[in-house]
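Chemist: all I have is the shape, not the residue letters:
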């Protein structure tokens, strides 16, 4: 599959606001509505657009703390990885899980109401996961998402 | 704070952001008109701030995804600001975060392949100001990425 600058610009616009009607996106790109729709469909079919995400203000909903955890497994082996992944993805406060290579085995993004709520999640849910070993926590202070290589 | 109806609406929307209003109304057992009013209110209050597409960078040819955990030299007075300003100029950086903890900042970096990563790392990352130490974590697979809030 090959992509051109117009595809990138379309992705960038949809990354900012995915609720824009196809016609409005087309106007910004100088494309007709059907042409825009075909490009969106092509991006979806190729899996470039992997889904949509609702943006919520976590603080206004009472979630004041985001913590990134680096988790090292104490025991390794195919079975323990699967057990760990199954259990960790079922925790509602765990927002994302990445299997990584390096200092840790997994990187988790955890959201909590405050630090004592985070401590509860850590003790009751994370430290009790199957195979869990060392855990390192870093509290998020600020976060910025960049458009990445889509920017011109 | 949220009542049960708004909470139910947000839960459904988090799971399926492009759901239609009639479908959403049916799932939360409210009339479409009431759902629309609730959605307007949630947006006015700044609780729903928007909707974005999730991009699979690997499908665009960026197969390498690395988290760079950075410790800054805090003896320089404007280390954070200068580092962050320079990091924003690197096009392959997707996320810039700062932390309270063992590391000061983290950059999510994508690259097309390992030689591309090596070039980026040498030419654009190691040249960023005030870095005292860098650790790289390479993503093998993303197990969960919905980033939903536990409502």
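Modeler: Yep, it's here. Given the structure is predicted, the values throughout are model-derived calculations rather than measurements.

Chemist: what about the helices in the chain?
Modeler: Looking at chain A here, since you left the chain open. Shown for chain A, the helices assigned by DSSP state H span residues A:5-16, A:22-29, A:33-45, A:78-89, A:115-120.

Chemist: think we crossed wires, I meant chain B
Modeler: Under the criterion DSSP H, chain B contains helices at B:4-15, B:21-28, B:32-44, B:79-87, B:114-120.

Chemist: just so I know, which of those lies nearest residue A:101?
Modeler: helix B:114-120 (12.4 Å; Cβ to Cβ). Bear in mind the C-beta positions are built from the backbone N, C-alpha and C, glycine included.

Chemist: I'd like the average pLDDT over that closest one.
Modeler: The average pLDDT within helix B:114-120 is 97.

Chemist: give me the contacts around that helix.
Modeler: B:64, B:66, B:90, B:92, B:109, B:111 (Cβ atoms under 8 Å, 6 or more residues apart in numbering or on different chains).

Chemist: okay, now the closest residue to the first one other than its chain neighbours: neighbour count?
Modeler: Just to be clear, that refers to residue B:64. Excluding the flanking residues, the one nearest residue B:64 by Cβ to Cβ, 6 or more residues apart in numbering or on different chains is residue B:111, at 4.2 Å. Residue B:111 is flanked by 20 other residues according to other Cβ atoms under 10 Å in any protein chain shown.

Chemist: hang on, residue B:111 packs against residue B:61?
Modeler: No: shown here, residue B:111 and residue B:61 do not form a contact pair, counting by Cβ atoms under 8 Å, at 10.0 Å.

Chemist: hang on, the earlier thing: show me what contacts the residue nearest to residue B:64?
Modeler: For residue B:111, counting by Cβ under 8 Å, 6+ apart, the contacting residues are B:62-64, B:66, B:92, B:117, B:120.

Chemist: what residue is smack in the middle of chain B?
Modeler: Nearest residue to the geometric centre of chain B (Cα atoms, centre = their mean): residue B:95, 6.3 Å.

Chemist: list the residues that contact the residue lying closest to it once chain neighbours are set aside.
Modeler: Nearest residue to residue B:95, sequence neighbours excluded (Cβ to Cβ, 6+ apart): residue B:108, at 3.9 Å. Taking Cβ under 8 Å, 6+ apart as the criterion, residue B:108 is in contact with B:65-68, B:93-95.

Chemist: now with 7 Å, please.
Modeler: By Cβ atoms under 7 Å, 6 or more residues apart in numbering or on different chains, the residues touching residue B:108 are B:67, B:93-95.

Chemist: which residues does the residue nearest to the centre of chain B bridge with?
Modeler: Listed by DSSP bridges, the beta-bridge partners for residue B:95 are residue A:145, residue B:108.

Chemist: verify the stated contact: it with residue A:145.
Modeler: Yes: between residue B:95 and residue A:145 there is a contact under Cβ atoms under 7 Å: 5.7 Å.

Chemist: check contacts around residue A:59.
Modeler: So residue A:59 contacts nothing (Cβ under 7 Å, 6+ apart).

Chemist: what's it sitting at in phi/psi?
Modeler: Main-chain dihedrals, residue A:59, degrees, to the nearest 10: phi -60, psi -40.

Chemist: farthest pair in the contacts of residue B:108?
Modeler: Using Cβ to Cβ, those span at most 11.1 Å, a distance reached by B:67 and B:93.

Chemist: ok, residue B:44 - how many residues close by?
Modeler: Neighbours of residue B:44 (other Cβ under 10 Å): 9.
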